[in-house]
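Student: Please find the sequence and the predicted model below.
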Amino acid sequence: MKKNLLLLLLLCLSFTAIDSNAQAPTTLWADNATTMWYNGTSTNFTITSANELAGVAILVEGGNNFAGKTITIANDLDLGAHLWKPIGKNTTFTFSGTVEGNNFAISNLFVTNTATSFTGLFGQITSATIKNIKLVNPTISAKDDAGTIAGGLLNASLVLNCHATGVVISGTGANIGGLVGSLLGDSTISKSSSNGQVSGLQQIGGIVGSPYNKATISECFSGGTVSGLIHVGGIAGYSAFAFTPNRTILVDNCYSRANLVCTNGPVGGIFGGSSALLVVQNSYATGLITSSGTIGGVLGGMGAVTATNNYWDIESSGASEAVAEWAGAPGTVDITGKTTAEMKMAELVTLLNQNQTGTPWTIDANVNDGYPILASSLLQNNSFTTVKSTVLVYPTMTADFVNISSAVNLTNATVYSISGSLVKSQSLHGLENTIDLSGIISGVYFLNIQTENGSSTHKIIKK
């Protein structure tokens, strides 16, 4: 019973403050795009408006893959006015150019078609480079192969220094990732992160849904909540196969702070499952893992895996085993469980940096809740610090009103039933608010309070 309650609770939670009142637009960027900025003789283009960025999707669908061409984003862009059309809709019409985001924010991307695959800011990219992009509050509903940056990366594509925050992405099928749905064919994600809510049916990951046929995930980190039916991982969901020998999947110098919810299992703090050639090294996980199936602090259902110099928080995760189960021949496993206090010691940084070129890991007691951080994320000031805010909720047993008091500004309250259904949502303002529960039936509920610095969840009883 306790495990089921935790499962339901985690489905409602995320470290990221999500505006549950945000409404998706109904009009289309495809009808509001402009391509007047493009000419066939240039190889470098500067984008200054959302309409111009939407025009890239129109050009790619028309047969222009932008190979050998560079698009530079010159300012912040807000995509919230219309529903987004992914750039490169499938494996026939792909994007193959370079995009330089210059660390400008691209906010309020909406995709709401649950019948489509290859969904994200980009749909399918092939031999492309996407770098220095910040996505803020992307909301995506899709079928398979969905990520905030791209649905699929193919043929030596690169995603570098790309970050998504306030993520809400859900898929009705497989290969759903916080940044990328499927990653294959010598493609790489590096120095990137995702934080928010990622959910789907199977092969669900905080960064990548499914990497396969030689792919690399390096210096990446995730936060929030990642949930699915089977093969859920804080960094990656599942790696199924390699097309030829020596096509190894590599996860190197990564960490996950994400809570993981897996209905059936297996589930792993870093990687949900693999039957292919997989190497996981110099990485750690801390998030709470809940499943009715098997649980691994770092790895889920594994076969043919080599794990070297990895760690997990045995207290915060609730996981007692490093590997959930062996789905094939047992591999070579070097994974160590540590207490929360041990995970926050400088000694762990020394261990993570051992036998490496340079020192990718560092630590700061005031950042990332005191857990080790990547030096590359410090340069971007983009580690996921969970800010602890004191929120007082009273009374917790009531027939009508609940009072909320906080030391920081309140932003939103959501009430969920014990079965996980949304019962009530209310915007909050200032330091003190009241919620009227007189219109809901008696029972036990979860009240999630969002503040400008974080969130907290409280159990309340409606008499």
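Tutor: Alright, I've got the coordinates.

Student: rest of the way, CA atoms for contacts and neighbours
Tutor: OK.

Student: got a list of what M397 touches?
Tutor: M397 is in contact with I460, I461, K462, K463, counting by C-alpha atoms under 8 Å, 6 or more residues apart in numbering.

Student: Just the buried residues from the residues you listed, in PyMOL please.
Tutor: Command for PyMOL that selects the buried part of the contacts of M397, burial taken from 16 or more other C-alpha atoms under 10 Å:
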select buried, resi 460+462
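
Student: How about the secondary structure of G151?
Tutor: Under the three-state scheme (DSSP: H, G, I helix; E, B strand; the rest coil), G151 adopts strand.

Student: give the contact list for it.
Tutor: S117, F118, T119, G120, F122, G123, Q124, D145, V180, G181, S182.

Student: re the thing from before, quick one: which of the contacts of M397 is nearest N366?
Tutor: Using C-alpha to C-alpha, I460 comes nearest to N366 of the contacts of M397, at 32.0 Å.

Student: Test my guess that the closest one contacts Y445.
Tutor: Yes. Between I460 and Y445 there is a contact under C-alpha atoms under 8 Å: 5.4 Å.

Student: State the helix or strand in which Y311 lies.
Tutor: Here Y311 sits within strand 305-313, counting by DSSP states H and E.

Student: for that strand, the distance to its chain's centre please.
Tutor: For strand 305-313, the separation from the chain centroid amounts to 21 Å (computed by C-alpha atoms, centre = their mean, to the nearest Å).

Student: and it, C-alpha only, in PDB?
Tutor: Output of strand 305-313 as PDB, limited to C-alpha atoms (Å, rounded to 0.1, in the frame of the first residue of the first chain):
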ATOM      1  CA  VAL A 305      26.800  -3.700 -19.900                       C
ATOM      2  CA  THR A 306      30.100  -2.300 -18.500                       C
ATOM      3  CA  ALA A 307      29.700   0.100 -15.600                       C
ATOM      4  CA  THR A 308      32.700   1.800 -14.100                       C
ATOM      5  CA  ASN A 309      33.000   4.300 -11.300                       C
ATOM      6  CA  ASN A 310      29.300   5.000 -10.700                       C
ATOM      7  CA  TYR A 311      27.400   5.800  -7.500                       C
ATOM      8  CA  TRP A 312      23.900   6.200  -6.200                       C
ATOM      9  CA  ASP A 313      22.300   7.700  -3.000                       C
END
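
Student: Now the element after that strand, going C-ward?
Tutor: Next in sequence after strand 305-313, counting helices and strands by DSSP H and E, comes helix 314-317.

Student: Specify the next element, helix or strand, located C-terminal of that next one.
Tutor: For helix 314-317, the following helix or strand on the C-terminal side (DSSP H and E) is strand 323-326.

Student: quick one, what contacts P266?
Tutor: Shown in contact with P266 (C-alpha under 8 Å, 6+ apart): 230-232, 272-273, 291, 293-296, 300-301, 324-325.

Student: That one and G272: what is the separation?
Tutor: To G272, P266 is 6 Å away according to C-alpha to C-alpha, to the nearest Å.

Student: what stretches of the stretch 101-250 of the chain score poorly on pLDDT?
Tutor: The model of the stretch 101-250 of the chain has pLDDT under 70 over residues 241-243.

Student: ok, which stretches of it are helices?
Tutor: With DSSP state H, counting those that start in this stretch, there are no helices along the stretch 101-250 of the chain.

Student: go on, the stretch 251-400 of the chain?
Tutor: 314-317, 340-343, 346-353, 375-380.

Student: Point out where the stretch 351-463 of the chain drops to low pLDDT.
Tutor: Applying pLDDT under 70 to the stretch 351-463 of the chain flags the ranges 378-390, 416-422, 453-457, 459.

Student: switch to 90 and redo it
Tutor: In the predicted model of the stretch 351-463 of the chain, residues 357-358, 365-367, 375-399, 405-432, 439, 442-463 satisfy pLDDT under 90.

Student: where exactly do the strands run in it?
Tutor: In the stretch 351-463 of the chain, the segments counted as strands under DSSP state E, counting those that start in this stretch are 361-362, 373-374, 391-394, 397-398, 401-406, 410-417, 422-427, 432-436, 443-451, 454-462.

Student: Give me whichever of the ones you listed is most buried.
Tutor: strand 373-374 (a mean of 23; mean count of other C-alpha atoms under 10 Å).

Student: who does the strand holding Y311 touch, helix- and strand-wise?
Tutor: Applying 3 or more C-alpha pairs under 8 Å, 6 or more residues apart in numbering; DSSP states H and E, one finds that strand 305-313 contacts strand 278-281, strand 284-285, strand 332-338, helix 340-343, helix 346-353.

Student: which one of the ones you listed has the most crowded surroundings?
Tutor: The stretch of the helices and strands packed on strand 305-313 with the highest mean neighbour count (mean count of other C-alpha under 10 Å) is strand 284-285, at a mean of 31.

Student: mind giving me the domain ranges of this structure?
Tutor: 14-380, 391-462 (automatic domain parsing).

Student: Surely N132 and N103 touch.
Tutor: Yes. N132 is within contact range of N103, at 4.9 Å (criterion: C-alpha under 8 Å).

Student: so how far is the longest helix anywhere in the chain off the chain centroid?
Tutor: Across the chain, the longest stretch assigned as helix under DSSP state H is helix 50-61. Computed by C-alpha atoms, centre = their mean, the chain-centroid distance of helix 50-61 equals 25 Å.

Student: Give me the number of neighbouring residues for G439.
Tutor: G439 has 9 neighbouring residues, counting by other C-alpha atoms under 10 Å.

Student: Provide a list of residues in contact with it.
Tutor: For G439, the contacting residues are D400, by C-alpha under 8 Å, 6+ apart.

Student: let's number from 26 now, not from 1
Tutor: Sure, I'll start counting at 26 from here, so that last one is G464.

Student: What's the separation between it and V448?
Tutor: From G464 over to V448 (counting by C-alpha to C-alpha), the distance is 10 Å.

Student: likewise A55?
Tutor: With distances taken as C-alpha to C-alpha, A55 is found 35 Å from V448.

Student: One more: S300?
Tutor: In this view, S300 and V448 are 41 Å apart by C-alpha to C-alpha.

Student: same question, P50
Tutor: Distance of P50 to V448, computed by C-alpha to C-alpha: 23 Å.

Student: For stretch 110-123, report the contacting residues that lie outside it.
Tutor: Taking C-alpha under 8 Å, 6+ apart as the rule, stretch 110-123 contacts 53-55, 79, 81-83, 85-86, 88, 90-96, 136, 142-155.

Student: Now the common contact residues for P291 and G297.
Tutor: Both P291 and G297 are in contact with H256, V257, G325, G326, where contact means C-alpha under 8 Å, 6+ apart.

Student: Cross these against strands and list the overlap.
Tutor: Taking DSSP state E, the ones among the shared contacts of P291 and G297 that sit in strands are H256, V257, G325, G326.
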